[in-house]
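**Student:** Give me a model of this one.
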Amino acid sequence: MDDSHDDHADHEDYPHGDEEEGRVTSPMQDFTTSQVGIGFVVLLVGLAVTFGLPLLF
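**Tutor:** Down below sits the predicted model:
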């Protein structure tokens, strides 16, 4: 095979420079107790819709 036309060479399509030092991804962010409570309520409503409604009919 001819390697002179390698499309998967070591090219930096998305350079990882210093311009994104302040960026924080979601798993690293702190969350509050109220956010946990809201997530739990959303979970309960989703479970009620998913399993509760079919059991009624």
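**Student:** does residue 23 sit in a helix, a strand or a coil?
**Tutor:** coil (DSSP: H, G, I helix; E, B strand; the rest coil).
**Student:** residues in contact with it?
**Tutor:** By Cβ atoms under 8 Å, 6 or more residues apart in numbering, the contact set of residue 23 is empty. Where C-beta positions appear, they are placed from N, C-alpha and C, glycine not excepted.
**Student:** Next one: it, what pLDDT does it get?
**Tutor:** Residue 23 carries a pLDDT value of 72.
**Student:** try residue 29
**Tutor:** With respect to pLDDT, residue 29 scores 74.
**Student:** Please state the backbone phi and psi of it?
**Tutor:** phi -80, psi 140 (degrees, to the nearest 10).
**Student:** and it, how many neighbours does it have?
**Tutor:** 7 (other Cβ atoms under 10 Å).
**Student:** Check the spacing between it and residue 35 real quick.
**Tutor:** Residue 29 is 10 Å from residue 35, where distance means Cβ to Cβ, to the nearest Å.
**Student:** same deal with residue 51?
**Tutor:** Residue 51 is 25 Å from residue 35, by Cβ to Cβ.
**Student:** Send me the helix or strand hosting residue 54 as CSV with only the CA atoms.
**Tutor:** Assigned by DSSP states H and E, residue 54 belongs to helix 53-56. Output in CSV follows, covering the C-alpha atoms of helix 53-56 (Å, rounded to 0.1, in the frame of the first residue of the first chain):
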residue,chain,number,x,y,z
LEU,A,53,-49.0,4.8,33.2
PRO,A,54,-48.8,1.5,31.5
LEU,A,55,-49.8,-0.3,34.7
LEU,A,56,-53.0,1.8,34.9
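**Student:** pLDDT of it, averaged?
**Tutor:** Computed over helix 53-56, the average pLDDT equals 88.
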